[in-house]
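In: How does the following fold in three dimensions:
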Amino acid sequence: MTLNPKLTKLLNEQINNEMSSSYVYLAMAAWFEQTPYSGFAKWMFTQSREETMHALKFYQYLVDRDAKVELQPIAKPKMDFKSPLDVFQHSLKQEQRVTQQINDLFEVAEQVKDHASKNLLLWFLNEQMEEEKTVGDMLNRLKLAGNDTASLLVLDREAGSRPSAGGAPDVTPGA
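Out: Residues are numbered from 1 along each chain as shown. Sure thing, here's the model as predicted:
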């Protein structure tokens, strides 16, 4: 079944969105690498790898549907943050942006009656619900911790225990 041209274009844009998201998380990890928070660095590095895997899932879907893959440039991400709370606030906004992008894609798939694409996008919508909840939970805990160093270090340690994406080997810098 041939993929609708409008949907093909948007799925290619989503590859870019996911790779850009990966780059954003890599910048967050790099910022944390310059702090005592190695657990948060690992969290963000893991998140970066997950976003790359999402881009590859869209890539493979286009290939499997015999559609042309057209890669686009990735913008430079924000590199400076004020605090762990600031980083996680940006992380939540990033996840909400990706959720909206997937919702928009799903609407187009519905309009063109592409049920296979809707199935793929449902997986992503479920993934986004989980991502927003995970980041939101950590953000709420960081707000509770405030500037209490001991509490922040406990949260950092917990963040560092997050499992690697998809069973990938842990090659986290600073780990």
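In: Return the distance of the most centrally placed residue in the chain relative to residue 153.
Out: When the chain is reduced to its mean C-alpha position, the nearest residue by Cα atoms, centre = their mean turns out to be residue 51, at 4.3 Å. The spacing between residue 51 and residue 153, counted by Cβ to Cβ, to the nearest Å, is 27 Å. The way it works is simple: take the backbone N, C-alpha and C, and place the C-beta from them, glycine included.
In: my guess is residue 8 meets residue 61, correct?
Out: No. Using Cβ atoms under 8 Å, residue 8 is not in contact with residue 61, being 10.4 Å away.
In: Show the average pLDDT along the longest helix belonging to the chain.
Out: Using DSSP state H to define each element, the chain has its longest helix at helix 115-145. What helix 115-145 shows for mean pLDDT is 97.
In: how about it: buried residues?
Out: For helix 115-145, burial by neighbour count (16 or more other Cβ atoms under 10 Å) applies to 117-118, 120-121, 124, 127-128, 131-132, 134-135, 138-139, 141-142, 145.
In: going on from that helix, what's the next piece of helix or strand?
Out: helix 149-160 (DSSP states H and E).
In: Buried residues, that next one. List them.
Out: Buried, per 16+ other Cβ under 10 Å, within helix 149-160: 152, 155, 156, 159, 160.
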